[in-house]
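[1] sequence first, then the predicted structure:
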Amino acid sequence: MRELANRLDVTLPTERRPRRLRANPALRRLVRETRLDAGQLIAPLFVVSGRERREPISSLKGHSRLSPDLALAEARRLAGLGVGGVLLFGIPDAKDPEGNAAADPDGPVAGTLRLLREAALPLVSVADVCLCEYTSHGHCGVLKGEAVDNDATLPLLAGAAVAYAEAGADVVAPSAMMDGQVGALRSALDSSGYQATAIMAYASKHASGFYGPFREAAGSTPGFGDRKGYQMDSANGREALLEMELDAEEGADILMVKPAITSLDLLALARQRFDQPLAAYQVSGEMAMIEAAAERGWIDRRTVVLESLTAIVRAGAGIVMTYFAADVANWLTEGR
Ligand SMILES: [Zn+2]
């Protein structure tokens, strides 16, 4: 091989040498195009009723269902690390076909929000707005026969959003994929005096196999059927942009895509088309793949976590929901 190479007359076809800027760590840092900041990360938290209650979630390594007092302690830790916000999901004590507990002012989400407001942490409080954790059948809205009734679901989502705004949520995040849900929330919030509460819309949410571990965490697996009648077909990108367009028109302040790893093209397109902040949710299955491979020694956990989040931000997301928020915030501080 070496002999053959010695006989060849190879000249550099160009004087352009991109490697000049890769020569040492300082140069590489100087020309880095995408930087992560703990302030752009949002940590999902699962809250349950009670006090000093911590139930480890086996499918989400390192995460637990927490009672409001412990959720506050966790939020305090995250704020101390510089994490930008927390996204609350509630697991109620009792479920019914209409998911009434979603709007319970004494439920774990509202209770945690009130504690967060009192503590006045430098952290944005976001409340997920959906019915699937609260319905006995596990679907994201109320049923008419075996189908989810879109328009009958809207007032229930709006009621939950108003309850969270009243408890102190800075942002409500409707995730049910009902048509018109952003407009319904906006009008209900405004007419209830919560004009200042922002809406982060799960605008492009694909029906996805990557949500598996979350469903164990939130106890929200549908009792029958699937969610393909309301969540989007993952094959569709133009439809995703239409969903974002509609949510923007209805008053969404922030547009989110989910899952992140399968929506990088949509983030890039949306960044060109919309001026709202864009968010992406690195979902439970994305986390699980990294954790499982790292556990087997097949990949380096820290490298891959940072690489995946950097790619999501590079694609166009300014905000990322991630189960790695605390780890990343720690690593970024070490790196300073
Ligand atoms: Zn749902």
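    Now that the structure is in, tell me what you want to look at.
[2] alpha carbons only for contacts and neighbour counts from here, please
    Fine.
[3] count the residues that sit near the residue nearest to Ala158 when sequence neighbours are not counted.
    Excluding the flanking residues, the one nearest Ala158 by Cα to Cα, 6 or more residues apart in numbering is Leu185, at 4.8 Å. Neighbours of Leu185 under the rule other Cα atoms under 10 Å: 29.
[4] helix or strand: which one has Leu185?
    Using DSSP states H and E, Leu185 sits within helix 181-191.
[5] now the helices: where do they sit in the chain?
    Per DSSP state H, the chain carries helices over the ranges 2-7, 25-30, 68-81, 108-119, 150-167, 181-191, 212-218, 238-249, 264-273, 284-295, 301-315, 325-334.
[6] contacts for the fourth one, please.
    Okay, so that is helix 108-119. 47-49, 67-69, 71-72, 75, 88-92, 104-105, 125, 127, 163-164, 167-169 (Cα atoms under 8 Å, 6 or more residues apart in numbering).
[7] swap the cut-off to 7 Å and go again
    47-49, 68, 71-72, 88-90, 164, 167-169 (Cα atoms under 7 Å, 6 or more residues apart in numbering).
[8] stretch 280-287 too?
    Identification of contacts with stretch 280-287 by Cα under 7 Å, 6+ apart yields 210-214, 256-261, 317, 319-323.
[9] and for stretch 215-224?
    So stretch 215-224 is contacted by 57, 59, 91, 132-133, 137-139 (Cα under 7 Å, 6+ apart).
[10] which among the residues you listed count as buried?
    57, 59, 91, 132-133, 137-139 (16 or more other Cα atoms under 10 Å).
[11] near the ion at all, stretch 147-154?
    No. Between stretch 147-154 and the ion, judged by Cα under 5 Å from the ion, nothing touches; the nearest distance is 11.3 Å.
[12] list the buried residues of that stretch.
    For stretch 147-154, by 16+ other Cα under 10 Å, it's 148, 150, 153-154.
[13] stretch 190-202 near the ion at all?
    No. Stretch 190-202 does not reach the ion (Cα under 5 Å from the ion); its nearest approach is 10.5 Å.
[14] what about that stretch, start to end distance?
    End-to-end distance of stretch 190-202: 20 Å, with Cα to Cα, to the nearest Å as the criterion.
[15] how about stretch 86-101?
    First residue to last in stretch 86-101 (Cα to Cα) measures 21 Å.
[16] so how far is that stretch off the chain centroid?
    Here the centre of stretch 86-101 is set off from its chain's centre by 18 Å, with Cα atoms, centre = their mean, to the nearest Å.
[17] and the nearest residue to Leu78 once chain neighbours are set aside, how close does it get to the ion?
    Nearest residue to Leu78 in three dimensions, chain neighbours excluded: Ala326, at 6.2 Å (Cα to Cα, 6+ apart). For Ala326, the distance to the ion (Cα to the ion, to the nearest Å) stands at 25 Å.
[18] what about Val172, distance to Leu185?
    9 Å.
[19] who touches both of the two?
    The contact sets of Val172 and Leu185 overlap at Ala161 (Cα under 7 Å, 6+ apart).
[20] which bits of the stretch 151-300 of the chain sit near the ion?
    Looking at the ion, the residues of the stretch 151-300 of the chain close enough under Cα under 5 Å from the ion are Ala176.
[21] ok, 8 Å please
    Within the stretch 151-300 of the chain, the residues that sit near the ion (Cα under 8 Å from the ion) are 175-177, 220.
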